[in-house]
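Enquirer: I'd like to go over a predicted model; first the sequence, then the structure.
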Amino acid sequence: MLHRLEVKILDPRLGRDFPLPEYATQGSAGLDLRAMLDEPLDLAPGAAELLPTGMAVHIAEPGVAGMILPRSGLGHRHGIVLGNLVGLIDSDYQGPLMVSCWNRGDAPFRIAVGERIAQLVLVPVLRAEFALVDDFDASERGAGGFGHSGTH
Ligand SMILES: O=c1ccn([C@H]2C[C@H](O)[C@@H](COP(=O)(O)OP(=O)(O)OP(=O)(O)O)O2)c(=O)[nH]1
Ligand SMILES: [Mg+2]
């Protein structure tokens, strides 16, 4: 399903020297976000840096959110994941889209200017309307959790 996403280009190199984020295939869920750096960045093991993507988005619809997720290849092979593990983009956020890049690996990693470092996924959101109750209707699980159902 398509969602009309308002995008503001904040870095003029985006869409000129580097392609705008796009879906790689018809079935891709994620739009790859680029690190719009002035120069390559050496990310030391353990370091996290907030990187600009060169763009802002306004999702506008409260029933939709953005999630910034790591790219599998970078995360698995190089330990380049997100400092906040997952980035959540509120539908009313209009500021610059930022990516917290964390090198959880044990070797330095060089991020190139314009490198695709993370991906943006739009997801449906249900917002909670609290109904205060004294008791819940009994469920099969009840309060059992945290491994209560075993491992096999
Ligand atoms: O990886 C991220 C995570 C968040 N944001 C922006 C969009 C989001 O809507 C806003 C706030 O994020 P969040 O609510 O997760 O952070 P917070 O620490 O609770 O900040 P705030 O008090 O502004 O809500 O920051 C990003 O650009 N990149
Ligand atoms: Mg918040």
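Expert: Nice, thanks for sending it over. Ligands and ions are numbered 1, 2, ... in the order given.
Enquirer: And Met36, how close does it get to Pro96?
Expert: Distance, Met36 to Pro96, by C-beta to C-beta, to the nearest Å: 10 Å. C-beta: built from backbone N, CA, C; applies to glycine.
Enquirer: So between those two, which is more surrounded?
Expert: For Met36 and Pro96, the more surrounded residue by other C-beta atoms under 10 Å is Met36, and the numbers stand at 23 against 16.
Enquirer: Helix or strand: which one has the closest residue to the more buried one other than its chain neighbours?
Expert: Counting by C-beta to C-beta, 6 or more residues apart in numbering, Met36 lies nearest to Gly54, which is 3.3 Å off, once chain neighbours are set aside. In the assignment (DSSP states H and E), Gly54 maps to strand 48-58.
Enquirer: So for Met36 and Pro96, which residues contact both of them?
Expert: 52-53 (C-beta atoms under 8 Å, 6 or more residues apart in numbering).
Enquirer: My guess is Ala65 contacts Val86. True?
Expert: No - if you go by C-beta atoms under 8 Å, Ala65 and Val86 don't touch, sitting 10.8 Å apart.
Enquirer: more neighbours, these two?
Expert: Neighbour totals were compared for Ala65 and Val86, and Ala65 leads with 18 against 11 (other C-beta under 10 Å).
Enquirer: what sits opposite that one in the beta ladder?
Expert: Val123 (DSSP bridges).
Enquirer: Which residues are in contact with it?
Expert: 59, 88-91, 122-123, 125.
Enquirer: what about burial for those residues, which qualify?
Expert: Among these, those scoring as buried are 59, 89, 91, 122 (criterion: 16 or more other C-beta atoms under 10 Å).
Enquirer: Relative to Gly27, how far out is the last one?
Expert: This points to Leu122. 15 Å.
Enquirer: now the second one
Expert: Applying C-beta to C-beta, one obtains 22 Å for the distance of Ile89 from Gly27.
Enquirer: I'd like to know which helix or strand in the chain has the lowest mean pLDDT.
Expert: helix 72-73 (a mean of 95; mean pLDDT, DSSP states H and E).
Enquirer: pLDDT value on the closest residue to Ala56 other than its chain neighbours, please?
Expert: Leaving aside its sequence neighbours, Ala56 sits nearest to Lys8 (C-beta to C-beta, 6+ apart; 4.4 Å). For Lys8, the pLDDT comes out at 98.
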